[in-house]
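Trainee: predicted model and sequence below, questions to follow.
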Amino acid sequence: MPANLTPQYLNAELKFKQAKTIPEKIEALEVMMAVIPKHKGTERLRGQLKSRMAKLKEELQKRPAVGKAEQAYNIKREGAAQVVLLGLPNSGKSSLLSKITHASSEVADYPFTTQKPIPGMMKFENLQIQLVDTPPVQLDHIEPGFPNLIRNADGLLLLVDLTEAPVFQMEILLEELNGMKIKVVGKVPGPSLDVGWVSLRALLVGNKCEMKNAMEAYRRFESHFRDLFPILPISAEGGMNLDELRKEIYQILNIVRVYTKTPGKEADLTEPVILKKGSTVEEVALSVHKDFVAKLRYAKVWGSGKFDGQRVKRNDVVNEGDVIELHI
Ligand SMILES: Nc1nc2c(ncn2[C@@H]2O[C@H](COP(=O)(O)OP(=O)(O)OP(=O)(O)O)[C@@H](O)[C@H]2O)c(=O)[nH]1
Ligand SMILES: [Mg+2]
C-alpha cells in the first residue's frame, strides 16, 4: 500500500537529515512521528521511526553532561576585555581582586581559599576591564573547565608571592600552562603555533612588595624574566603600584580606543570604540553599524600624527585616541 506521505512529513524528514545534534534530530523525529499518516501503508515506517527515537534517546543519555564544576568556570566576558588572574596558593589573587574591583573574594592566610572563579570589573580611565580571580594553580590537579577559562581569556596576570621563591613559582605556572597547550607571550612575539595551541599575552606581577627583603627578591625575579615579559612589583594589601598595574594590564590587551563623531558635532570621549591593534577605518565603521561599511566613502581623522581632520581611506590603520568622522 502506498504510504502517501504529506508535505508536512517530508519537510520534517528533511529537517531530520539536516540536523547536526542529537536534540535537533529528536525534535525533527518527534514531528515526523506526529504528522505521519496512521494507516496500514505506513506501519513499517512508523516502527522504524520508533526504534530510531529509542536509539537517539539512549545516545543522549550516554553523553557526559557538563558538570557543575565545569559550569562554574564558564565566566561570561564583560567590559572591554577579560583578564584571568593566576597564581599558586596564597599569592594574593583574591586580595588583588578585592582591592581593584568592586567584587569581593574571600582572603585568608591559609592556602586554597578560593574554590571557584570570581569575576570583577576594574576601571581603567574610560574603560571597564573584567578580572577573574581563580582557585590556585596546582601541580597535580586541574579542575575541568579551568583550562578553557584560561584559553578564552584576552590576557593573563601571573601573580607570585615575592616572599616565597618567586622565580620558582613562575616556573611552575609557566610549566602548568604549557601542559594546557597555552603559550605565554609577553614582549616578544612567539613563534607560530602548532595545532591545538593558543598564545596569550601575560603580565608578571610580584606581590607583597612591602614585605622585608621582598624588593631584593623582586630584582632577581625581574632580571630572570624581564627580557620576555612585562613585570611589575605591587602590594595588593598595601595598595602600592596599583595605578601602574591598571596601565600595564591595559597594555597587554593589544587593543586601541578610538572615538567616532558626526560631522559638525564634538566627539564623545567617554564612549570609546574598542578594536584590536592594527584595525582599520573600515572596522571602525563596522563597529558603528554593519551597513556603514558598504556605504562608507571616506573618513576624517584627528590625532595620531595626522593634521586635524585629515581625510583617510577605508583601509588606513587607526591609532589609540584617534577621533574618526565617518562619511557615508
Ligand atoms: N604582606 C602582604 N600580604 C598579602 C598581600 N596580599 C595578600 N596578602 C596575604 O596573603 C594571604 C593570601 O591572600 P589571598 O588573597 O587569599 O591569596 P590567594 O592567592 O587568593 O590564595 P588562594 O585563594 O588560596 O589561592 C592572606 O593572608 C593575605 O592577607 C600583600 O600585598 N602584602
Ligand atoms: Mg584566593
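Mentor: That came through, no problem. Ligands and ions are numbered 1, 2, ... in the order given.

Trainee: which bits of the stretch 151-300 of the chain sit near ligand 1?
Mentor: Neighbours of ligand 1 within the stretch 151-300 of the chain, by C-beta under 6 Å from any ligand atom: 207-208, 210-211, 235-238. Glycine gets a C-beta too; all of them are placed from N, C-alpha and C.

Trainee: ok, these vs A267, which is closest?
Mentor: Closest approach to A267 among those (C-beta to C-beta): A236, at 36.2 Å.

Trainee: circling back: can you tell me which of the residues of the stretch 151-300 of the chain next to ligand 1 comes closest to A12?
Mentor: Closest approach to A12 among these (C-beta to C-beta): A236, at 59.0 Å.

Trainee: I'd say that closest one and S91 touch.
Mentor: No: contact criterion C-beta atoms under 8 Å: A236 and S91 do not qualify, at 9.3 Å.

Trainee: mutual contacts of these two, please.
Mentor: Overlap of the contact sets of A236 and S91 (by C-beta atoms under 8 Å, 6 or more residues apart in numbering) consists of N207.

Trainee: longest helix in the protein, by residue count?
Mentor: helix 43-62 (DSSP state H).

Trainee: how far does that one sit from its chain's centre?
Mentor: Offset of helix 43-62 from its chain centre (C-alpha atoms, centre = their mean, to the nearest Å): 39 Å.

Trainee: how about the residues of the stretch 151-300 of the chain next to ligand 1, which pair is most distant?
Mentor: Taking C-beta to C-beta, no two of those sit farther apart than M211 and A236, at 11.7 Å.

Trainee: neighbour count: these two, which is higher?
Mentor: Higher neighbour count among M211 and A236: A236, with 26 against 15, using other C-beta atoms under 10 Å.

Trainee: what's near enough to touch that one?
Mentor: The contact partners of A236, taken as C-beta under 8 Å, 6+ apart, are 92, 95-96, 99, 207-208, 242.

Trainee: check contacts around D268.
Mentor: By C-beta under 8 Å, 6+ apart, the residues touching D268 are 259, 261.

Trainee: my bad, should have said A19
Mentor: Here A19 is in contact with 25, 27-28 (criterion: C-beta under 8 Å, 6+ apart).

Trainee: which of those are buried? Put it as a PyMOL command.
Mentor: Buried subset of those, written as a PyMOL selection, criterion 16 or more other C-beta atoms under 10 Å:
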select buried, resi 25+28
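
Trainee: in stretch 32-39, what counts as buried?
Mentor: In stretch 32-39, counting by 16+ other C-beta under 10 Å, buried: 32, 35-36.

Trainee: quick check: next helix or strand after the lengthiest strand in the chain?
Mentor: The single longest strand within the chain, with elements called by DSSP state E, is strand 198-207. Next along the chain after strand 198-207, taking DSSP states H and E as the criterion, comes helix 214-225.

Trainee: what's the mean pLDDT across that next one?
Mentor: Averaged across helix 214-225, the pLDDT comes to 98.

Trainee: ok, stretch 48-62 next?
Mentor: pLDDT averaged over stretch 48-62 gives 91.

Trainee: switch to numbering from 49
Mentor: Right, with 49 as the first residue, what we last looked at is stretch 96-110.

Trainee: any idea how far G234 is from ligand 1?
Mentor: 21 Å (C-beta to the nearest ligand atom, to the nearest Å).

Trainee: just to check, that residue is in contact with F277?
Mentor: Yes: between G234 and F277 there is a contact under C-beta under 8 Å: 3.1 Å.

Trainee: now the common contact residues for the two.
Mentor: 250-252.

Trainee: just the buried ones from those residues?
Mentor: So, by 16+ other C-beta under 10 Å, the buried ones in the shared contacts of G234 and F277 are 250-252.

Trainee: of these, closest to ligand 1?
Mentor: Proximity to ligand 1 was ranked across the buried ones among the shared contacts of G234 and F277 by C-beta to the nearest ligand atom; first place goes to L252, at 15.0 Å.

Trainee: burial check on the spatially closest residue to Q130 that is not a sequence neighbour, number of neighbours?
Mentor: Spatial nearest neighbour of Q130, chain neighbours left out: Q178 (4.7 Å); criterion: C-beta to C-beta, 6 or more residues apart in numbering. By the measure other C-beta under 10 Å, the count of residues near Q178 is 22.

Trainee: and the pLDDT at Q178?
Mentor: So, for Q178, pLDDT stands at 98.

Trainee: SS state for the residue most central in space within the chain?
Mentor: In the chain, the residue lying closest to the centroid (C-alpha atoms, centre = their mean) is A201, at 3.4 Å. Three-state assignment for A201 (DSSP: H, G, I helix; E, B strand; the rest coil): coil.
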